[in-house]
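Q: with the input below, show me the fold.
(chains A, B, C and D, ligands or ions: 4)
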Amino acid sequence: MVKMSYAEAAKLALAEEMRRDPLVWAIGEDLGRGGVFGQYLGLLDEFGPERISDAPISESAIMGASVGAAMAGTRPVVEMRFADFALCAVDELINQAAKARYMLGGQVKVPMVIREPMGMWRSSAAQHSQSLESWYTHIPGLVVAVPSTPADNRGLLKTAIRSDDPVVYLEHKNIWGYEGDVPEDETLIPFGKGRLEKEGDDITIVSWSAQMHIAANAATLLQAEGISAELIDLRTLWPWDRQMVFDSVEKTGRLLITHESVSVGGFGAEIAATVAEQLFSVLKSPITRCAAPRVPISYAPPLEAKIRVSSEQIVEAATKSVAVSTGFK
Amino acid sequence: MVKMSYAEAAKLALAEEMRRDPLVWAIGEDLGRGGVFGQYLGLLDEFGPERISDAPISESAIMGASVGAAMAGTRPVVEMRFADFALCAVDELINQAAKARYMLGGQVKVPMVIREPMGMWRSSAAQHSQSLESWYTHIPGLVVAVPSTPADNRGLLKTAIRSDDPVVYLEHKNIWGYEGDVPEDETLIPFGKGRLEKEGDDITIVSWSAQMHIAANAATLLQAEGISAELIDLRTLWPWDRQMVFDSVEKTGRLLITHESVSVGGFGAEIAATVAEQLFSVLKSPITRCAAPRVPISYAPPLEAKIRVSSEQIVEAATKSVAVSTGFK
Amino acid sequence: MIQPPNQNIDKDWFLEHHIMMHRIRAFEETAARANQDKLVLGAIHLSIGQEAIASGVCKNLMKEDFLLSTHRGHGHTLAKGADPEAMMLELLGRRGGICKGKGGSMHIADASVGMLGANGVVAANINIATGAAHAIKLKRETNISCCIFGDGAINRGPFLEGLNWSGVFNLPVLFVCENNGFASTTRTDAMTSGEGAAARARSMGITATEVDGNDIISVDEITREYIANIRNGNGPHLISFNTYRLHGHTASDPASYRPAAEVETAWKEDPIERCSELLSRLGISRKILNEHRKIALEEMERVYKTAKEAPWPSDDNAFSDVQDLGDPREGAF
Amino acid sequence: MIQPPNQNIDKDWFLEHHIMMHRIRAFEETAARANQDKLVLGAIHLSIGQEAIASGVCKNLMKEDFLLSTHRGHGHTLAKGADPEAMMLELLGRRGGICKGKGGSMHIADASVGMLGANGVVAANINIATGAAHAIKLKRETNISCCIFGDGAINRGPFLEGLNWSGVFNLPVLFVCENNGFASTTRTDAMTSGEGAAARARSMGITATEVDGNDIISVDEITREYIANIRNGNGPHLISFNTYRLHGHTASDPASYRPAAEVETAWKEDPIERCSELLSRLGISRKILNEHRKIALEEMERVYKTAKEAPWPSDDNAFSDVQDLGDPREGAF
Ligand SMILES: Cc1ncc(C[n+]2csc(CCOP(=O)(O)OP(=O)(O)O)c2C)c(N)n1
Ligand SMILES: Cc1ncc(C[n+]2csc(CCOP(=O)(O)OP(=O)(O)O)c2C)c(N)n1
Ligand SMILES: [Mg+2]
Ligand SMILES: [Mg+2]
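A: Ligands and ions are numbered 1, 2, ... in the order given. From the prediction side, this is the model:
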């Protein structure tokens, strides 16, 4: 194991894949300088400006040209800078990348990775803070990855680059500097396999991306209160590890889902709906979602704080859930 | 009551509002010719080309200029032609229209209606058939309307035009010709009030837009089998009529949600999750969703048929739901 | 205007153009009939009157070159070498359709001849074609990419983004604008400010010209010249071909929004007739030339018959080619 | 180069420019300090070196005219008449902030003086400004709309769509490109094909010119002339002002990707110093001119002090101004 940051792990993964496969290349604004968050620092020196390529401020072209370059046999890694700016290239992603393989009856594939740094970070307000992972889960043809640790970021990014389908790869801005152990060997992490962050018996907590760390903190706080939470980090939302969640809920009988993004129409609803449908008779209390209110993200800290889902909120909701005794069982 | 089609009802609503308020105007490609579906036919004659305005094929500008025109005191009705093409203007809708009022601390409002004809219609395949209503419900600042009848289309469109906030107004392409009774007077339909399409005791079915008619057919078929379904047409998804759904589920103890759009990450999940959370102890059987598989929409009829949710599927799922006896009650 | 006969012209080459143009015309007429017969499922857009561009451009492309097209893409696809039967099967949504019945007319493609797709979204293929050229450059290959789009497409952002991109990266891509006067039911010039595609391209540092798109000689010549330039590493070029959309926007559009006289005049510039005229002045007999049409009609008649009689595709097809994750139904409801 | 002194110049007018430019400079320097003090919350982008454009353009706008700006919008907002205290409060996210603490630097706005917003999305305001002009036309009003954007923005689709739109509808809108050589950490010309903003605008039929943006006289004159044209119904115009971004992209960017000598040379063209030089040649004493800076610094010092000492906004603010539907928390979790 080697200690490195979430950003370094991603850089390592990209470098490894670029060494392995000359058809892998990265494109985005200011990549030559290392990317906005330093996640490409130093790669220009090794791979040159054709493979670590700057781009004009042309999000439609960054995405659309990458679709073409993918169809034509290369593997572009597309850097969107902020997930919010990917909204300037939605036709290219949804109507083109996600559907081309299908519409053309399998004649082409679109192997591309769309990196979209997402989430709340340093008062960056409504146009630089969004988390729209649930949108992408709704779109046939897309894989959706939401790594939370350095090891996962390395392993999933490698899998994403090798995928023959478009992968929306959502790194969270707030954890670029988060450090963790990463295996020495090039461990690939498959899509659709969650990670059991912590075992527990009383309640299952499901989360992903940066929110996983807030949930982990909540699980620790809960432990202190004598509540044993099992914490699952989904790692990818499409496909998502239904089996791991089902197994856990069968054990605990309770489920709490927490994500940073807006609750309404969020992916938490999908998980809640699925579990409510499949494991209805196992549930000892209502499924709880802890996610953001349906308001844009604010700038001033006290306002921002109101929109963030805190460990305390999770603790409160989990405690309430565990206290409920439906009497069914 | 007057009989008219869904398209005529919308045209009437727009004409009425344009007569009432000279600041209301409509903009979109080919509007002068009456719109792709004839939903603007004849309006040019009454209101002239400035207020029924053609537009270049510039979706970003159609949406973005309308944001500016709304901020500057007019009330644009934006015609996107197909909901799919609105994907060429997502920044303008999500990052600008939906958030401007908030980001600017209430200094501006963005009163605009974004009409997006949606849904499967005559083998129009993956780029002309999508229903993405759940996306919009996830975005703070947007109202989401999904009328299913001529009366609702008239009443909701009028409310939408008078709204001071951006309203994503999703008309379904497959029901432009659907006829129904429309009140003589200018009845406005408020946002967030569902419509009880049919009363029943055994199971609550929630739907909207064209799928509501498929659900209504299913309800009739169920009645023949002795199952009394209560059918709710939500009419708007944000806000949505939680109270009407709760009241109904309290009575029936069972819930089925059906929509044409993809099930994963669809708004059905939000409803299911909410009801599962709020009315857990009332439910007699698991909540069921009948919605589309996570595949792009196909062209050939047998393939397309596999993606549509039929009345028969709803009947089957509802029958199954009613048959389940959890033993909780 | 008909060009004066020129004895240096390679007759065989233009005879091939003549044949191809007739094949496109016959395909479109047959598709129109299939549409009237209510056997075509979605909307189709016919390229009648624009055949010289399809034939003139695509004949100068190699099989390895990429082609990206529009909603009005049957002619381009045929001229790039696709099989009309597989195309017609697709229009009718039948088994054997070139996209397995998943795409229809607006997504017609034949990757085996480098044709990477029509597109239902106006201008979307400009960036995709640019990206295909980007891949060629990265792979140090010698083929090129070609993107055909309509005059309406130049008002969408991707036109600017793709052209600028191709200039910045000096990519081997040929942009072809079919300036047919209309975008759907609206006259394009009413919604376009400035001089159009070529002027805009030049403002982005891209060599560009406007050419009579109904004159097969001009189309062929300028395309050949530009493609040679592009293959020589001289970066992207754009040609704007002036033409006229002789039929409606879709096969079901009577296009009554334009005066009959205008259409009549436009028919006088029918590119096929102009090509026939040229060839006959070069000494090819009218009999041979008429034969081309007859053969083409027969071919497409056979194609249509086969398509009509073909079964539907198996409905399992709805679930394949989504992504490499197994059956999309698993866990997806 | 400094213009030769011209005795016809209205000194008072340019003294006002001088004062405004100093106020902008002082505001930016103070904001930079606040950023170093870690009191600014999000990223801020300083317009140091570009003050002549802000002052020169905005002084020629009426209060009723709309202004839309960019992420680098403090100077424009001040010059349009906004209160620097309310702006600084916003940057620090304090109570009384001009956007109630909901926007920060990138969404700064003051609708009461027609300033409808900076924008965090490059080029997004081009269409919004165009639409505001569209509203003016529909309402038969006499004001105009003005959009300021950077040279990086001309590579985004909305630049084409908005400009074409403004031409098609002949709208009263002035487009102002701040050609400061950089888009973030990348030299703009490396990512731009062709001659830039003015050439692109002209290709869309829009009157356009390039002007030295560090010369307050030129800025003022061309703006006045173009605005008069626009008010006379002559449609949209574009001015591309050449300037240089003297500081980093954000206030935290040391901009070490460019040679010190380049920056040093650029400082010699400091628009404020050039304006001082001009005014002193016109007979204004250096003492008075220096006083402008002093007063401006004092003003912004007061502003900063007030902002630093101001309380946070009430956290209930997080839930207002979303939409007219009551408390967004109701039924939303
Ligand atoms: C982004 C987008 N907007 C609108 C449409 C609807 N539409 C289909 S074809 C067409 C006209 C296109 O005109 P042009 O580009 O000139 O091509 P032509 O039809 O003349 O060949 C329009 C507006 C679309 N398909 N995509
Ligand atoms: C659509 C979009 N893409 C990327 C960014 C990130 N970004 C912010 S400012 C900037 C550079 C803008 O350059 P320019 O338009 O020249 O303005 P300047 O900063 O020089 O004033 C970039 C790339 C963004 N905000 N929006
Ligand atoms: Mg056209
Ligand atoms: Mg710049």
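Q: what does the stretch 201-333 of chain C have sitting close to chain A?
A: Within the stretch 201-333 of chain C, the positions near chain A by Cβ under 8 Å from any Cβ of the partner chain are C:Ser320, C:Asp321, C:Val322, C:Gln323, C:Asp324, C:Leu325, C:Pro328, C:Gly331. In short, each C-beta sits where N, CA and C put it, glycine included.
Q: return the member of those residues nearest to D:Lys80.
A: C:Gln323 (50.1 Å; Cβ to Cβ).
Q: count of neighbours near the closest one?
A: If you count neighbours by other Cβ atoms under 10 Å in any protein chain shown, C:Gln323 ends up with 25.
Q: ditto for the one 5 residues further on
A: The number of residues packed near C:Pro328 is 23, by other Cβ under 10 Å.
Q: between the residues of the stretch 201-333 of chain C next to chain A, which is closest to ligand 2?
A: Nearest to ligand 2 among those: C:Gln323, at 27.8 Å, using Cβ to the nearest ligand atom.
Q: my guess is the closest one meets A:Val167, correct?
A: No. In this structure, C:Gln323 is not within contact of A:Val167 by Cβ atoms under 8 Å, at 9.5 Å.
Q: quickly list what's touching both of those two.
A: A:Leu142, A:Val143 (Cβ atoms under 8 Å, 6 or more residues apart in numbering or on different chains).
Q: report the contact partners of C:Val40.
A: C:Val40 neighbours (Cβ under 8 Å, 6+ apart): C:Ala31, C:Ala34, C:Leu91, C:Leu92, C:Ser105, C:Ala251.
Q: what sits against the residue in the stretch 151-300 of chain A that ligand 3 sits nearest to?
A: Closest residue of the stretch 151-300 of chain A to ligand 3, Cβ to the ion: A:Pro166 (30.2 Å). Contact partners of A:Pro166, counting by Cβ under 8 Å, 6+ apart, are A:Ala70, A:Leu93, A:Ala97, A:Ala98, A:Val110, A:Pro111, A:Met112, A:Val113, A:Ile114, A:Gly141, A:Leu142, A:Val143.
Q: ok, now how distant is C:Phe175 from B:Trp208?
A: From C:Phe175 across to B:Trp208, the span is 43 Å (Cβ to Cβ, to the nearest Å).
Q: just give me the neighbour total for C:Lys38.
A: 7.
Q: just give the nearest non-adjacent residue to A:Val201, would you?
A: Not quite, residue A:201 is Asp, not Val. Sequence neighbours aside, A:Ser228 is the residue nearest to A:Asp201 in space, at 4.7 Å (criterion: Cβ to Cβ, 6 or more residues apart in numbering or on different chains).
Q: quick one, helices of the stretch 1-150 of chain C?
A: Using DSSP state H, counting those that start in this stretch, the helices found in the stretch 1-150 of chain C span residues C:11-36, C:51-58, C:74-79, C:84-91, C:124-138.
Q: tabulate those (JSON lines), appending mean pLDDT and distance to A:Arg162.
A: Output for those, formatted as JSON lines (pLDDT from 0 to 100; distance: least, Cβ to Cβ, whole Å):
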{"stretch": "helix C:11-36", "mean pLDDT": "98", "distance to A:Arg162": "41"}
{"stretch": "helix C:51-58", "mean pLDDT": "98", "distance to A:Arg162": "35"}
{"stretch": "helix C:74-79", "mean pLDDT": "98", "distance to A:Arg162": "32"}
{"stretch": "helix C:84-91", "mean pLDDT": "98", "distance to A:Arg162": "31"}
{"stretch": "helix C:124-138", "mean pLDDT": "98", "distance to A:Arg162": "18"}
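Q: out of those helices, which is closest to chain D?
A: Smallest distance to chain D across the helices of the stretch 1-150 of chain C (Cβ to the nearest Cβ): 9.8 Å, for helix C:124-138.
Q: counting by contacts, list what that closest one packs against.
A: Packing partners of helix C:124-138 (3 or more Cβ pairs under 8 Å, 6 or more residues apart in numbering or on different chains; DSSP states H and E): helix A:43-51, helix A:59-71, strand C:66-68, strand C:145-150, helix C:157-168, strand C:173-179.
Q: show residues contacting the shortest one.
A: It stands for strand C:66-68. A:68, A:72, C:58, C:61, C:76-77, C:80, C:114-117, C:119, C:125, C:128-129, C:132-133, C:136, C:143-148.
Q: any residue of the top strand by length along chain A touching chain B?
A: Longest strand in chain A, counting residues (DSSP state E): strand A:255-262. Yes. Counting by Cβ under 8 Å from any Cβ, contacts between strand A:255-262 and chain B involve A:Ser261, A:Val262.
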